[in-house]
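> Just need the structure, nothing else, for what follows:
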Amino acid sequence: MRDHGSIVSRALCVLLLGGLGLRGVAYGQQAPPKAAPARPPSYPVRAEGDPAKIERGKQTFSANCSFCHGSDARGGETGPNLVRSQIVLDDKNGELIGEIIKNGLPGRGMPPISIDAEGIENVVAFLHSLQNVQRGMSTAAPIDILVGDAGAGETYFKANCVKCHSATGDFAGIGGKYPPKTLQNLVVSGGGGQRGGGTASHVPPTMAVVTLASGEKVEGRLARRDAFFVSVITADGSRRTFPLEGTKTKVEVKNPLQAHLDMLPKWTDSDIHNVTRYLSTLK
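Now for the predicted structure:
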């Protein structure tokens, strides 16, 4: 006859294994065919945040993070979807998100972002609000994008942007072609990684060279890259995907918009707002 304590211990172990998704064998025996119950989410259910803080966070996110993660945080060409990110889901008061913003993820290609404590708090509120929306909660009011100074934006543009762009050339009439929100995204991204509107037609695609541990090199258009996989479209049109985590695979990205990416740590909210306002006047 089995000891009651051993039965209880065994039952607890089976429950733990099932809860962690480790199915199949427990104490040398085949697990029952009945599927284990789904693990309940570990993230907190949050009340709707302060609309003003969420708006400020969206502006800061757009200026500093949208190039990689998309204007709606649902993923760009190089950054993963943050709305479904487990880190964002588990974050309660910015203790997880804030550390990543400040320190970056060097091993995954994310640089630290220079945002002050209040700015980080606002970005956290914005990201949390997106997950609230996903769960059916109401959204904040639309944001007024045109809050900058056009004169200051023109000055910044002439000092920093004319090596590649011209108000009478490629940007002629741009204020009449795009709404303010799209203009602001274009300022940050240069036209790449935009969801909905796609990548600007005049921008060459981002290319990548993947070097495997064997020394084989695979080059093609970058289709997707995150912390775990990289996908490229080769010259013959085939898509090849390679794992990154735990491998010696190296990825070299040739981004025609690298200058915009390099600007990310340098942009300030005022710069973004001012340049956006200036571009909106080019009609």
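> What is the burial count for Asn149?
Small correction: residue 149 is Asp, not Asn. 14 (other Cβ atoms under 10 Å). For the C-beta atoms, the positions are set from N, CA and C on the backbone; glycine is no exception.
> right, I mislabeled it, should have said Ile54
25.
> Setting aside sequence neighbours, what's the nearest residue to the spatially most central residue of the chain?
Closest to where the C-alpha atoms of the chain average out (Cα atoms, centre = their mean) is His69, at 2.4 Å. Spatially, and ignoring its direct neighbours in sequence, His69 is nearest to Gly79 (3.9 Å; Cβ to Cβ, 6 or more residues apart in numbering).
> residues touching His261, list them.
Quick fix: residue 261 is Leu, not His. 67, 255 (Cβ atoms under 8 Å, 6 or more residues apart in numbering).
> Quick check: it is in a strand.
No: read with DSSP: H, G, I helix; E, B strand; the rest coil, Leu261 is helix and lies in no strand.
> quick one: it and Arg84, what's the gap?
Distance, Leu261 to Arg84, using Cβ to Cβ, to the nearest Å: 24 Å.
> low pLDDT regions in this protein?
Residues of the chain meeting the criterion pLDDT under 70: 1-48, 76-78, 107, 131-144, 189, 191-203, 264-265.
> need the helices for it, in chain order.
Using DSSP state H, the helices of the chain run over residues 4-19, 51-64, 66-69, 86-90, 97-103, 117-134, 150-160, 174-177, 180-189, 258-263, 269-280.
> would CSV of these with distance to Ser214 be doable?
Below are those laid out as CSV (distance: least, Cβ to Cβ, whole Å):
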stretch, distance to Ser214
helix 4-19, 37
helix 51-64, 38
helix 66-69, 29
helix 86-90, 32
helix 97-103, 32
helix 117-134, 39
helix 150-160, 43
helix 174-177, 47
helix 180-189, 35
helix 258-263, 28
helix 269-280, 44
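> winner for burial among those?
Among the helices of the chain, helix 66-69 has the highest mean neighbour count (mean count of other Cβ atoms under 10 Å), at a mean of 24.
> my guess is Val218 meets Thr234, correct?
Yes: applying Cβ atoms under 8 Å, one finds Val218 in contact with Thr234, separated by 6.7 Å.
> Neighbours of the closest residue to Asn255 other than its chain neighbours, how many?
Distances taken as Cβ to Cβ, 6+ apart place Thr206 nearest to Asn255, at 4.8 Å, with adjacent residues excluded. If you count neighbours by other Cβ under 10 Å, Thr206 ends up with 21.
> and Thr206, how far is that from Ile120?
From Thr206 over to Ile120 (counting by Cβ to Cβ), the distance is 28 Å.
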